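>>> no sequence on hand, only this structure:
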Ligand SMILES: [Zn+2]
């Protein structure tokens, strides 16, 4: 018998970007922010601990990081502790793992931390480490990078659906504007369509302002069984549904052409079905805009926009404040930065704050249901649906 | 104080795969590349052709594989030109394309082409790139080049 699970505390490190501190310092900040968000909870109340972190082996030469992180935030887990890693989607996977541990009855209280210290003293090494995230033997060895993979998806979408570069660039304009109101964003600075379109070319069609940056950052969340959650807060945020699907590590094995993300469609359908809702019920969504094209295809596969019309959807303001659904109010990966393992957890933190009415200048009025989406490639997707506790 | 280690070669920072029999069961893939042949594995039991090459068939779990040549001519599905942000050791501009070779498609690197000639549907053929130490990687160029 599965039990309902709720988030009761959440926070992020103070400022994402190039972090002036160690991996432990970064984890400490996420721990403090998370516990500070709910003073009723003490580290000794935590029974389980899940860390999302992608390549500390390369960036700080340290494995065995789940226990390191638990010790750093003062937690001594007695029911479950582990690290999860599946590249850029690791944070959402960590929250799902905590959800499973609590829903199954294994334990009542689990803390999730996502942390990534990507910048190294030698910048060349930082770039080199990103090679670990693509198929090194058959893609990375040729020089294929994530921007290249998603640029090919953009080219496919432009060819098949007539999506324009202006439409892609509008995603960056919107998300950078949102980031201005986010104190921890890596780039809290707005930009115009013209600035995006004339920024440094990376790989066609992307310019630099359409690519999420390499960032250090961390985030945390505490989840509890419904019964426990009611003891610790009047405003629990429940996980209503979740879905996950993958096919195609090497891009040869993506099951469709690169413009249709069928695995996301499947993961979203599962999550909606579990929550008993549809895309029209979502008020606010945090989605994985690693590149400008990503948000367009994600909106289509999540069912916010008609397939092939994602470009028009963003250009018409339907994914912004006052539109159908507010997408990426914290600024997305484009504006906040993308510290791999921390991103999915921070998306959850934002939905938590939005549904509790605690998002300040970023608040989506009356938000009741929110969605978090992470991806680990064009064909690997992780979806979580959250709902307010008083519904 | 620990002695400072200085190595010429660090495996963890070498992007090119190991290609010899002592490190790679699929070394035949690279040996065929040396012969300007682009090959992959075909299962001798269920006849499934996989990409990338496999040592065990993902369809029937047979470990008896044979090597087959991909068609000599493939085509560009979509292409991107990378002008910045290349990995260390790679010189921009780099050109990458989703390529179709028979029933198989994959991301390939294009070399020795004019940017103005690139377009979906254009035909390509194998053009092997030999690395500084003799290891090989597949690359492609437009047919007729
Ligand atoms: Zn077989």
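Here it is on my side, so go on. Predicted model only: the values in this text are computed from it and were never measured.
>>> and the residue in the stretch 251-391 of chain A that chain B sits nearest to, how many neighbours?
The stretch 251-391 of chain A approaches chain B most closely through residue A:252 (4.2 Å), counting by Cβ to the nearest Cβ. C-beta: built from backbone N, CA, C; applies to glycine. Residues lying near residue A:252 (other Cβ atoms under 10 Å in any protein chain shown) number 19.
>>> which residues does the closest residue to residue B:131 other than its chain neighbours contact?
Leaving aside its chain neighbours, residue B:131 sits nearest to residue B:16 (5.6 Å; criterion: Cβ to Cβ, 6 or more residues apart in numbering or on different chains). Applying Cβ atoms under 8 Å, 6 or more residues apart in numbering or on different chains to residue B:16 gives the contacts A:141, B:131, B:135, B:137.
>>> can you rerun that using 6 Å?
A:141, B:131, B:135 (Cβ atoms under 6 Å, 6 or more residues apart in numbering or on different chains).
>>> neighbour-wise, which of the residues you listed leads?
Of all the contacts of residue B:16, residue A:141 has the most neighbours under the rule other Cβ under 10 Å, reaching 21 neighbours.
>>> tell me the secondary structure for the residue nearest to residue B:131?
coil (DSSP: H, G, I helix; E, B strand; the rest coil).
>>> now do the same for the residue of the stretch 251-391 of chain A closest to chain B: helix, strand or coil?
Recorded secondary structure, residue A:252: helix (three-state DSSP).
>>> wait, it touches residue B:103, no?
No: counting by Cβ atoms under 6 Å, residue B:103 is not a contact partner of residue A:252; they are 10.5 Å apart.
>>> any chance of the contacts of residue B:16 in a markdown table, with secondary structure too?
Converted to a markdown table, the contacts of residue B:16 look like this (three-state DSSP):
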| residue | secondary structure |
| --- | --- |
| A:141 | helix |
| B:131 | coil |
| B:135 | coil |
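>>> residue contacts, the residue of the stretch 251-391 of chain A closest to chain B?
The contact partners of residue A:252, by Cβ under 6 Å, 6+ apart, come to B:51, B:105, B:106.
>>> quickly list what residue A:113 is bridged to.
Note on residue A:113: beta-bridge partners by DSSP bridges are residue A:51, residue A:220.
>>> what sits against it?
Residue A:113 makes contact with A:30, A:51, A:69, A:220, according to Cβ under 6 Å, 6+ apart.
>>> and the contacts of residue B:16, which is closest to residue A:175?
Within these, the smallest distance to residue A:175 is 32.5 Å, found for residue A:141 (Cβ to Cβ).
>>> you'd agree the closest one is up against residue B:15?
Yes: under the criterion of Cβ under 6 Å, residue A:141 lies in contact with residue B:15, with a separation of 5.0 Å.
>>> show me what from the stretch 101-250 of chain A comes close to chain B.
By the criterion of Cβ under 6 Å from any Cβ of the partner chain, the positions of the stretch 101-250 of chain A lying close to chain B are A:124, A:127-128, A:131, A:137-144, A:147-148, A:151-152, A:155-156, A:201-204, A:250.
>>> change it to 8 Å
Counting by Cβ under 8 Å from any Cβ of the partner chain, the stretch 101-250 of chain A comes close to chain B at A:124-125, A:127-128, A:130-131, A:135-145, A:147-149, A:151-152, A:154-156, A:159, A:200-205, A:208, A:211, A:250.
>>> now for the helix or strand where residue A:28 lies, which elements pack on it?
Using DSSP states H and E, residue A:28 sits within helix A:23-36. Other elements packing on helix A:23-36 under the criterion 3 or more Cβ pairs under 8 Å, 6 or more residues apart in numbering or on different chains; DSSP states H and E are strand A:5-12, helix A:65-72, strand A:109-116, strand A:217-225.
>>> end-to-end on stretch A:158-166?
The separation between the terminal residues of stretch A:158-166, taken as Cα to Cα, to the nearest Å, is 11 Å.
>>> and that stretch, how far out from the chain middle?
25 Å (Cα atoms, centre = their mean, to the nearest Å).
>>> the worst-scoring helix or strand of chain A on mean pLDDT packs against which elements?
When each helix and strand of chain A is scored by mean pLDDT, DSSP states H and E, helix A:123-129 comes last, with a mean of 90. For helix A:123-129, the elements it packs on are helix A:56-59, judged by 3+ Cβ pairs under 8 Å, 6+ apart.
>>> at 6 Å instead, please
Other helices and strands packing on helix A:123-129, by 3 or more Cβ pairs under 6 Å, 6 or more residues apart in numbering or on different chains; DSSP states H and E, are absent; none qualifies.
>>> quick check: next helix or strand after it?
By DSSP H and E, the next helix or strand past helix A:123-129 is helix A:146-161.
>>> buried sites along that following helix?
Of the residues in helix A:146-161, A:146-158, A:161 count as buried by neighbour count, 16 or more other Cβ atoms under 10 Å in any protein chain shown.
>>> now for it, which elements pack on it?
strand A:201-203, helix A:292-301, strand B:74-82.
>>> just to revisit the earlier point, what mean pLDDT would you report for the helix holding residue A:28?
Per-residue pLDDT values over helix A:23-36 give a mean of 98.
>>> who touches that helix?
Residues outside helix A:23-36 that contact it (Cβ under 6 Å, 6+ apart) are A:9, A:11-13, A:19, A:60, A:69, A:72-73, A:113, A:115, A:117, A:218-220.
>>> list just the nearest of these to residue B:40.
Each of those was scored against residue B:40 by Cβ to Cβ, and residue A:60 proved nearest at 37.8 Å.
>>> name the nearest residue to the closest one, ignoring sequence neighbours.
Of all residues not flanking residue A:60 in the chain, residue A:23 sits nearest, at 4.8 Å (Cβ to Cβ, 6+ apart).
>>> comparing the helices and strands packed on helix A:146-161, which comes out most buried?
For the helices and strands packed on helix A:146-161, the largest average neighbour count (mean count of other Cβ atoms under 10 Å in any protein chain shown) is found in helix A:292-301, namely a mean of 28.
>>> against which helices or strands is the helix or strand residue A:351 falls within packed?
Element membership of residue A:351 [criterion: DSSP H and E] is helix A:340-355. Helices and strands in packing contact with helix A:340-355 are listed as strand A:5-12, helix A:90-103, strand A:109-116, strand A:217-225, strand A:284-286, strand A:369-377; criterion 3+ Cβ pairs under 6 Å, 6+ apart.
>>> winner for burial among these?
The stretch of the helices and strands packed on helix A:340-355 with the highest mean neighbour count (mean count of other Cβ under 10 Å) is strand A:109-116, at a mean of 31.
>>> what angle do it and strand A:217-225 make?
Computed with axes from the mean of the first three to the mean of the last three Cα atoms, to 10 degrees, the direction of strand A:109-116 lies at 170 degrees from that of strand A:217-225.
>>> circling back: which one of the contacts of residue A:113 is nearest the ion?
Sorting those by how near they are to the ion, with Cβ to the ion, puts residue A:51 at the top with 38.5 Å.
>>> wait, isn't that closest one in contact with residue A:68?
No: counting by Cβ under 6 Å, residue A:51 sits too far from residue A:68 to count as a contact (8.3 Å).
>>> these two: who's more crowded?
When neighbours are counted by other Cβ under 10 Å, residue A:51 and residue A:68 differ, and residue A:51 comes out ahead with 29 against 18.
>>> distance of the more buried one from residue A:34?
Here residue A:51 is placed at a distance of 13 Å from residue A:34 (Cβ to Cβ, to the nearest Å).
>>> what sits in contact with each of the two?
With contacts taken as Cβ under 6 Å, 6+ apart, residue A:51 and residue A:34 have no neighbour in common.
>>> list the contacts of the most centrally placed residue in chain A.
Nearest residue to the geometric centre of chain A (Cα atoms, centre = their mean): residue A:344, 2.9 Å. Residue A:344 makes contact with A:91, A:92, A:374, according to Cβ under 6 Å, 6+ apart.
>>> run through the chain and note the low-pLDDT ranges.
All of this refers to chain A. Counting by pLDDT under 70, chain A has low-confidence residues at A:1.
>>> please go with chain B instead
Counting by pLDDT under 70, chain B contains low-confidence ranges at B:1.
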